[in-house]
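Participant: When you get a sec, could you give me coordinates for this:
(one chain, ligands or ions: 1)
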Amino acid sequence: MQRLSRGSQSVRQERPEKEPEDKRQDGKQKMEQGSTDEALTEQKAMAGEALDRRNIWEPSVYYALGKESFYFAGHDISIRESMDTYGALIWPGAIALCQFLENNQQQVNLMDKAVLELGAGTGLLSVVASLLGAWVTATDLPDILSNLTFNLLRNTKGRSRYTPQVAGLTWGQDLERDFPHPSYQYDYVLAADVVYPHDCLEELLETMRYFCQPGSGTTLLWANKIRFQSDLRFAESLKSSFNATLLTELPQQEVRIYKATAKE
Ligand SMILES: C[S@@+](CC[C@H](N)C(=O)[O-])C[C@H]1O[C@@H](n2cnc3c(N)ncnc32)[C@H](O)[C@@H]1O
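Facilitator: Next up is the predicted model:
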């Protein structure tokens, strides 16, 4: 897991043959079961009264073991969703950041870079980073790790330069114990849709600061659907301790992608 041992851990595997031309033209994201948004709309319609008792932006039904298919970085990716938690579904920030990374490989070159993902959920973003050549550590709460591991392994085995790692990481907790500096240092920290109404925003910011220390050269890429004023307030807080710039905004998806490095 440590950056210094990256070389010894990595197994360089043969690159798979190129996809046939017609397949590559199929479109970047192939959603066999419709987009997450469409699925959620349908679930909300089905949920009827239950909607009234929940926040309107939340999925009203966490359906069982759904599967979503995508096409990124030259590969079909199949993600198993799971039940009952926020980390069980693929969120729009993850899809937007995958698309951004694929389309901007010169601007953000992940080849042979050490990448940490916070709140990885189902793992789509970590899968794509891994397929783009990064040495990835995907992290989330302990309950999420089993499905995350499943998705990472099934989509990267025999396809990625480095076998992705999975680690438990609760924001703000035991960072120095579990990820001591300077052994655990990353080129990029990725975070998608980790900002929404929850009680750990301060801990999340602290975790971002911990992994992006001044002088570390670490770059944070944070993608989020902007739902509330509180999301914009988080962006303002980020700007107070980071040099943060808005990389892109996707008006249709209401997603913003920020790039940030620690202020010296
Ligand atoms: C809205 S989901 C986004 C999942 C994924 N990044 C995506 O975009 O599909 C938020 C993620 O943050 C994780 N999370 C929430 N609170 C957390 C905490 N205190 N520490 C670590 N992870 C947390 C959840 O388990 C979940 O995977």
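
Participant: how about the residue positioned nearest the centre of the chain, what does it touch?
Facilitator: Here the mean C-alpha position of the chain is nearest to the C-alpha of Leu125 (CA atoms, centre = their mean), at a distance of 4.0 Å. Residues in contact with Leu125 (CB atoms under 8 Å, 6 or more residues apart in numbering) are Ala94, Leu97, Cys98, Glu117, Leu190, Ala192. The C-beta positions use only the backbone N, C-alpha and C, and glycine is treated the same way.

Participant: Helix or strand: which one has it?
Facilitator: Applying DSSP states H and E as the criterion places Leu125 in helix 124-131.

Participant: and Ala262, backbone torsions?
Facilitator: The phi/psi pair for Ala262 (degrees, to the nearest 10) reads phi -60, psi 140.

Participant: Okay, helices next: where are they in this structure?
Facilitator: Ranges of helices within the chain are 6-9, 21-24, 36-47, 92-103, 124-131, 145-156, 175-178, 201-211, 229-241, based on DSSP state H.

Participant: Please identify the most buried of those.
Facilitator: helix 124-131 (a mean of 28; mean count of other CB atoms under 10 Å).

Participant: Quick one, grab the pLDDT at Ala114.
Facilitator: pLDDT, Ala114: 98.

Participant: Over to Tyr258?
Facilitator: 98.

Participant: what's the distance between it and the ligand?
Facilitator: Taking CB to the nearest ligand atom, to the nearest Å as the measure, Tyr258 falls 14 Å from the ligand.

Participant: re the thing from before, which of the helices of the chain sits closest to the ligand?
Facilitator: helix 92-103 (3.3 Å; CB to the nearest ligand atom).

Participant: Name the residues that touch that closest one?
Facilitator: 28-29, 36-37, 70, 72-73, 108, 110, 121-122, 124-125, 128-129, 132, 190, 192-194, 221, 223-225, 247-248, 250, 253-255, 257.

Participant: Filter these down to the ones in strands?
Facilitator: Cross-referencing the contacts of helix 92-103 against strands under DSSP state E gives 70, 72, 190, 192, 221, 223-225, 247-248, 250, 255, 257.

Participant: picking that back up, adding pLDDT and distance to the ligand, write the contacts of Leu125 out as a markdown table.
Facilitator: Listed next are the contacts of Leu125 as a markdown table, based on pLDDT from 0 to 100; distance: CB to the nearest ligand atom, whole Å:
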| residue | pLDDT | distance to the ligand |
| --- | --- | --- |
| Ala94 | 97 | 3 |
| Leu97 | 98 | 8 |
| Cys98 | 98 | 10 |
| Glu117 | 98 | 7 |
| Leu190 | 98 | 8 |
| Ala192 | 98 | 4 |
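
Participant: where does the nearest residue to Leu118 once chain neighbours are set aside land on pLDDT?
Facilitator: In space, Leu118 comes closest to Ala191 once its chain neighbours are excluded; the distance is 4.5 Å by CB to CB, 6 or more residues apart in numbering. pLDDT, Ala191: 98.

Participant: cool, Lys28 as well?
Facilitator: 35.

Participant: from here on, count from 9
Facilitator: Happy to do that; since the first residue is 9 now, the last one works out to Lys36.

Participant: Name the pair among the ones in strands among the contacts of helix 100-111 with the greatest separation in space.
Facilitator: Phe78 and Leu255 (20.9 Å; CB to CB).

Participant: For Ser191, give its distance to Ala122.
Facilitator: Ser191 is 11 Å from Ala122, where distance means CB to CB, to the nearest Å.

Participant: So between the two, which is more surrounded?
Facilitator: Neighbours per residue, other CB atoms under 10 Å: of Ser191 and Ala122, the larger number sits with Ala122, 21 against 11.

Participant: For that one, name its beta-bridge partners.
Facilitator: Trp143 (DSSP bridges).

Participant: pretty sure it contacts Trp143?
Facilitator: Yes. With contact defined as CB atoms under 8 Å, Ala122 counts as touching Trp143 (5.2 Å).

Participant: more crowded one of Phe78 and Leu255?
Facilitator: Between Phe78 and Leu255, counting by other CB under 10 Å, Phe78 is the more crowded of the two (24 against 18).

Participant: Spatially, and excluding backbone neighbours, which residue is closest to that one.
Facilitator: That would be Ile85: by CB to CB, 6+ apart, it lies 4.5 Å from Phe78.
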